[in-house]
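Enquirer: Any chance you can model this:
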Amino acid sequence: MKKLVKKEKEAENGYWKWDKKTLTRDDWDFHWLGEQKDKCKAVLVYECSREIIQLRELANDFRFKKEEWPFENQLPLDFFPDKPSRQIPSGILDLMKGWSNSIPHLKTVDLQFIGELHDNGFLESRTTNFQTFQLTNTKEIAAFEIDWKLGAGQIKKQFNEWADVASKRFKKVKPQNTDDQDLDDFISRMSYEPEQEPRIHYDTRLKKLGAYRLQMTSESWDEAARKAFKVLVKDLYENQADWIEAKKSTPDTVSQYAVWP
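Expert: Residues are numbered from 1 along each chain as shown. A predicted model of the protein is given here:
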(Lines give C-alpha, C1' and ligand atoms only; values in the text may rest on other atoms or scores of the structure.)
Protein backbone atom coordinates (compact mmCIF):
# COMPACT_ATOMS: atom_id res chain seq x y z
CA MET A 1 0.00 0.00 0.00
CA LYS A 2 1.40 3.38 -1.03
CA LYS A 3 2.15 5.64 1.90
CA LEU A 4 0.57 9.06 1.73
CA VAL A 5 3.10 11.85 1.90
CA LYS A 6 2.02 15.23 3.23
CA LYS A 7 2.92 18.18 1.04
CA GLU A 8 6.08 19.84 2.28
CA LYS A 9 4.55 23.26 2.93
CA GLU A 10 1.13 22.18 4.14
CA ALA A 11 0.34 22.37 7.84
CA GLU A 12 -2.29 20.13 9.39
CA ASN A 13 -4.50 23.07 10.30
CA GLY A 14 -4.61 24.44 6.76
CA TYR A 15 -2.05 27.15 7.49
CA TRP A 16 1.04 27.79 5.41
CA LYS A 17 4.23 26.15 6.64
CA TRP A 18 7.03 28.68 6.36
CA ASP A 19 10.39 27.52 5.05
CA LYS A 20 13.39 28.69 7.08
CA LYS A 21 15.47 28.98 3.89
CA THR A 22 13.03 31.33 2.16
CA LEU A 23 11.51 33.27 5.06
CA THR A 24 12.75 36.83 4.60
CA ARG A 25 12.93 39.75 6.96
CA ASP A 26 10.02 41.35 5.12
CA ASP A 27 7.90 38.35 6.10
CA TRP A 28 8.35 38.83 9.84
CA ASP A 29 9.63 42.35 10.54
CA PHE A 30 6.92 45.02 10.33
CA HIS A 31 8.91 47.90 11.78
CA TRP A 32 8.97 49.39 8.27
CA LEU A 33 5.46 50.69 8.92
CA GLY A 34 6.98 53.18 11.35
CA GLU A 35 4.59 56.08 11.69
CA GLN A 36 2.23 54.60 9.09
CA LYS A 37 0.03 53.07 11.78
CA ASP A 38 -3.04 53.84 9.70
CA LYS A 39 -1.96 51.09 7.29
CA CYS A 40 -1.53 48.41 9.96
CA LYS A 41 -5.05 46.99 9.63
CA ALA A 42 -4.76 46.57 5.85
CA VAL A 43 -1.33 44.97 6.25
CA LEU A 44 -2.65 42.67 8.98
CA VAL A 45 -5.51 41.50 6.75
CA TYR A 46 -3.08 40.89 3.87
CA GLU A 47 -0.46 39.08 5.95
CA CYS A 48 -2.98 36.93 7.82
CA SER A 49 -4.45 35.92 4.47
CA ARG A 50 -1.00 34.76 3.35
CA GLU A 51 -1.23 32.15 6.10
CA ILE A 52 -4.24 30.41 4.52
CA ILE A 53 -3.31 27.62 2.11
CA GLN A 54 -6.76 27.62 0.51
CA LEU A 55 -6.47 31.33 -0.31
CA ARG A 56 -2.99 30.87 -1.75
CA GLU A 57 -4.16 28.10 -4.03
CA LEU A 58 -7.26 30.05 -5.01
CA ALA A 59 -5.19 33.11 -5.95
CA ASN A 60 -2.82 31.04 -8.07
CA ASP A 61 -5.81 29.41 -9.77
CA PHE A 62 -7.40 32.78 -10.61
CA ARG A 63 -4.06 34.05 -11.89
CA PHE A 64 -3.61 31.02 -14.13
CA LYS A 65 -7.16 31.27 -15.51
CA LYS A 66 -6.88 35.06 -15.83
CA GLU A 67 -10.21 35.48 -14.10
CA GLU A 68 -11.35 38.51 -12.11
CA TRP A 69 -10.05 38.18 -8.55
CA PRO A 70 -12.85 38.97 -6.05
CA PHE A 71 -10.46 40.08 -3.30
CA GLU A 72 -8.42 42.58 -5.34
CA ASN A 73 -9.11 45.43 -2.90
CA GLN A 74 -7.66 43.50 0.04
CA LEU A 75 -5.27 41.05 -1.63
CA PRO A 76 -4.02 42.52 -4.94
CA LEU A 77 -3.26 39.63 -7.21
CA ASP A 78 -0.08 41.19 -8.60
CA PHE A 79 1.49 40.57 -5.20
CA PHE A 80 -0.60 38.04 -3.28
CA PRO A 81 0.37 35.56 -1.92
CA ASP A 82 4.11 35.42 -2.59
CA LYS A 83 5.10 39.04 -2.04
CA PRO A 84 5.18 40.43 1.52
CA SER A 85 3.23 43.61 2.16
CA ARG A 86 6.40 45.70 2.33
CA GLN A 87 6.90 45.12 -1.39
CA ILE A 88 3.47 46.52 -2.27
CA PRO A 89 3.71 50.09 -3.68
CA SER A 90 2.53 52.83 -1.34
CA GLY A 91 -0.30 53.88 -3.64
CA ILE A 92 -1.80 50.40 -3.67
CA LEU A 93 -1.37 50.14 0.10
CA ASP A 94 -3.37 53.36 0.41
CA LEU A 95 -6.21 51.79 -1.57
CA MET A 96 -6.05 48.68 0.63
CA LYS A 97 -6.12 50.90 3.71
CA GLY A 98 -9.18 52.75 2.46
CA TRP A 99 -10.98 49.48 1.81
CA SER A 100 -10.15 47.93 5.19
CA ASN A 101 -11.26 51.08 7.03
CA SER A 102 -14.53 51.29 5.09
CA ILE A 103 -15.80 47.93 6.35
CA PRO A 104 -17.67 48.43 9.65
CA HIS A 105 -17.71 45.88 12.42
CA LEU A 106 -20.73 43.62 12.60
CA LYS A 107 -23.20 44.89 15.12
CA THR A 108 -24.19 42.54 17.90
CA VAL A 109 -27.68 42.34 19.35
CA ASP A 110 -29.14 40.27 22.17
CA LEU A 111 -32.60 38.90 22.82
CA GLN A 112 -33.45 41.85 25.06
CA PHE A 113 -32.77 44.28 22.22
CA ILE A 114 -34.90 42.19 19.84
CA GLY A 115 -37.66 42.28 22.44
CA GLU A 116 -37.38 46.07 22.72
CA LEU A 117 -37.61 46.42 18.95
CA HIS A 118 -40.74 44.28 19.00
CA ASP A 119 -42.29 46.21 21.89
CA ASN A 120 -41.71 49.46 20.02
CA GLY A 121 -43.47 48.13 16.94
CA PHE A 122 -40.49 47.77 14.65
CA LEU A 123 -40.68 43.99 14.24
CA GLU A 124 -44.42 43.46 14.30
CA SER A 125 -45.60 41.33 11.36
CA ARG A 126 -42.26 41.72 9.62
CA THR A 127 -40.58 38.36 10.13
CA THR A 128 -39.33 36.52 7.06
CA ASN A 129 -39.30 32.85 6.08
CA PHE A 130 -35.58 32.71 6.84
CA GLN A 131 -36.10 32.91 10.61
CA THR A 132 -34.98 36.53 10.62
CA PHE A 133 -36.59 39.83 11.57
CA GLN A 134 -36.77 42.34 8.74
CA LEU A 135 -36.11 45.88 9.95
CA THR A 136 -36.15 47.83 6.69
CA ASN A 137 -36.01 47.17 2.98
CA THR A 138 -32.30 46.49 3.27
CA LYS A 139 -31.70 45.48 6.91
CA GLU A 140 -32.67 42.50 9.02
CA ILE A 141 -31.72 40.78 12.26
CA ALA A 142 -30.88 37.08 12.23
CA ALA A 143 -30.22 34.75 15.16
CA PHE A 144 -27.80 31.82 14.83
CA GLU A 145 -26.94 28.76 16.88
CA ILE A 146 -23.13 28.58 16.81
CA ASP A 147 -21.25 25.39 17.60
CA TRP A 148 -17.78 26.72 18.45
CA LYS A 149 -16.18 23.29 18.49
CA LEU A 150 -16.36 23.36 14.67
CA GLY A 151 -13.74 26.09 14.65
CA ALA A 152 -13.92 29.66 13.39
CA GLY A 153 -13.03 28.72 9.81
CA GLN A 154 -15.90 26.26 9.43
CA ILE A 155 -18.33 28.66 11.10
CA LYS A 156 -17.33 31.41 8.66
CA LYS A 157 -17.88 28.98 5.80
CA GLN A 158 -21.37 28.17 7.10
CA PHE A 159 -22.19 31.87 7.41
CA ASN A 160 -20.94 32.55 3.87
CA GLU A 161 -23.19 29.79 2.55
CA TRP A 162 -26.17 31.25 4.43
CA ALA A 163 -25.38 34.78 3.23
CA ASP A 164 -25.14 33.64 -0.41
CA VAL A 165 -28.73 32.39 -0.24
CA ALA A 166 -30.23 35.03 2.06
CA SER A 167 -28.70 38.02 0.25
CA LYS A 168 -30.61 37.23 -2.94
CA ARG A 169 -33.71 38.72 -1.33
CA PHE A 170 -32.06 42.14 -1.23
CA LYS A 171 -30.18 42.35 -4.54
CA LYS A 172 -32.84 44.41 -6.32
CA VAL A 173 -34.08 46.31 -3.30
CA LYS A 174 -33.87 50.10 -3.32
CA PRO A 175 -32.04 51.81 -0.43
CA GLN A 176 -34.09 52.58 2.65
CA ASN A 177 -36.08 55.81 2.65
CA THR A 178 -37.20 58.34 5.19
CA ASP A 179 -40.00 56.03 6.33
CA ASP A 180 -37.37 54.24 8.44
CA GLN A 181 -36.24 57.38 10.28
CA ASP A 182 -38.08 56.37 13.46
CA LEU A 183 -36.23 53.06 13.48
CA ASP A 184 -32.88 54.76 12.90
CA ASP A 185 -33.56 57.18 15.75
CA PHE A 186 -34.45 54.30 18.06
CA ILE A 187 -31.34 52.27 17.19
CA SER A 188 -29.08 55.30 17.59
CA ARG A 189 -30.16 55.50 21.22
CA MET A 190 -29.03 51.93 21.89
CA SER A 191 -25.48 51.39 23.15
CA TYR A 192 -24.47 48.20 21.38
CA GLU A 193 -22.06 49.63 18.80
CA PRO A 194 -18.64 47.96 19.12
CA GLU A 195 -15.67 50.16 19.93
CA GLN A 196 -13.20 50.80 17.13
CA GLU A 197 -9.95 48.95 17.63
CA PRO A 198 -7.06 51.35 18.33
CA ARG A 199 -4.30 51.42 15.71
CA ILE A 200 -1.80 50.06 18.23
CA HIS A 201 -3.94 46.92 18.37
CA TYR A 202 -3.11 46.03 14.74
CA ASP A 203 0.54 46.94 15.20
CA THR A 204 0.75 44.60 18.20
CA ARG A 205 -0.84 41.76 16.26
CA LEU A 206 1.60 42.21 13.40
CA LYS A 207 4.50 41.99 15.83
CA LYS A 208 3.09 38.71 17.19
CA LEU A 209 2.58 37.41 13.66
CA GLY A 210 6.24 38.09 12.92
CA ALA A 211 7.32 36.24 16.08
CA TYR A 212 5.02 33.38 15.14
CA ARG A 213 6.60 33.01 11.70
CA LEU A 214 10.09 33.10 13.14
CA GLN A 215 9.18 30.31 15.56
CA MET A 216 7.60 28.27 12.78
CA THR A 217 11.04 28.19 11.12
CA SER A 218 13.05 27.61 14.31
CA GLU A 219 13.63 24.72 16.67
CA SER A 220 12.72 26.83 19.71
CA TRP A 221 11.60 30.27 20.78
CA ASP A 222 15.18 30.96 21.87
CA GLU A 223 16.51 30.30 18.37
CA ALA A 224 13.81 32.57 16.94
CA ALA A 225 14.77 35.29 19.42
CA ARG A 226 18.42 35.06 18.41
CA LYS A 227 17.50 35.34 14.72
CA ALA A 228 15.46 38.46 15.40
CA PHE A 229 18.20 40.04 17.54
CA LYS A 230 20.81 39.39 14.87
CA VAL A 231 18.77 41.34 12.34
CA LEU A 232 17.25 44.06 14.52
CA VAL A 233 20.20 44.46 16.92
CA LYS A 234 17.58 44.52 19.67
CA ASP A 235 15.05 42.11 21.14
CA LEU A 236 11.77 41.58 19.33
CA TYR A 237 10.48 40.30 22.68
CA GLU A 238 12.57 40.19 25.83
CA ASN A 239 10.74 37.41 27.67
CA GLN A 240 10.09 33.77 26.85
CA ALA A 241 6.47 34.18 27.92
CA ASP A 242 5.90 36.85 25.23
CA TRP A 243 7.34 34.61 22.52
CA ILE A 244 5.17 31.68 23.60
CA GLU A 245 2.07 33.86 23.82
CA ALA A 246 2.69 35.22 20.33
CA LYS A 247 2.92 31.71 18.92
CA LYS A 248 -0.19 30.60 20.77
CA SER A 249 -2.41 33.59 19.95
CA THR A 250 -1.53 34.16 16.29
CA PRO A 251 -3.73 31.37 14.82
CA ASP A 252 -6.74 33.10 16.39
CA THR A 253 -5.60 36.38 14.85
CA VAL A 254 -5.29 34.73 11.45
CA SER A 255 -8.75 33.24 11.82
CA GLN A 256 -10.17 36.66 12.70
CA TYR A 257 -8.48 38.85 10.08
CA ALA A 258 -7.76 36.64 7.06
CA VAL A 259 -10.05 36.97 4.06
CA TRP A 260 -11.82 33.61 4.02
CA PRO A 261 -13.02 32.36 0.62
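Enquirer: how close does D29 sit to M96?
Expert: Shown here: D29 relative to M96, a distance of 19 Å by C-beta to C-beta, to the nearest Å. Just so you know, the C-beta spots here come from the backbone N, C-alpha and C atoms, and that holds for glycine as well.
Enquirer: Looking at these two, which one has more neighbours?
Expert: Neighbour comparison, D29 and M96: the larger count goes to M96, with 23 against 20 (by other C-beta atoms under 10 Å).
Enquirer: Spell out which residues make up each domain of this structure.
Expert: As given by automatic domain parsing, the domain ranges for the chain are 25-103+197-257, 111-174+181-188.
Enquirer: Could you say which of these is packed most deeply?
Expert: Of the domains of the chain, the one with the most neighbours on average (mean count of other C-beta atoms under 10 Å) is domain 25-103+197-257, at a mean of 17.
Enquirer: Just give me how far that one sits from the chain centre.
Expert: Remark: domain 25-103+197-257 is offset 11 Å from the chain centroid, using C-alpha atoms, centre = their mean, to the nearest Å.
Enquirer: Averaged pLDDT, that domain. What do you get?
Expert: When pLDDT is averaged over domain 25-103+197-257, the result is 92.
Enquirer: now the end-to-end length of that domain.
Expert: One end of domain 25-103+197-257 to the other measures 22 Å (C-alpha to C-alpha, to the nearest Å).
Enquirer: And stretch 61-71, by the same measure?
Expert: 13 Å.
Enquirer: which residues are in contact with that stretch?
Expert: Applying C-beta atoms under 8 Å, 6 or more residues apart in numbering, the contact partners of stretch 61-71 are S49, A59, L75, L77, F80, V259, P261.
Enquirer: rerun that using 7 Å as the cut-off
Expert: The contact list for stretch 61-71, computed with C-beta atoms under 7 Å, 6 or more residues apart in numbering, reads A59, L77, V259.
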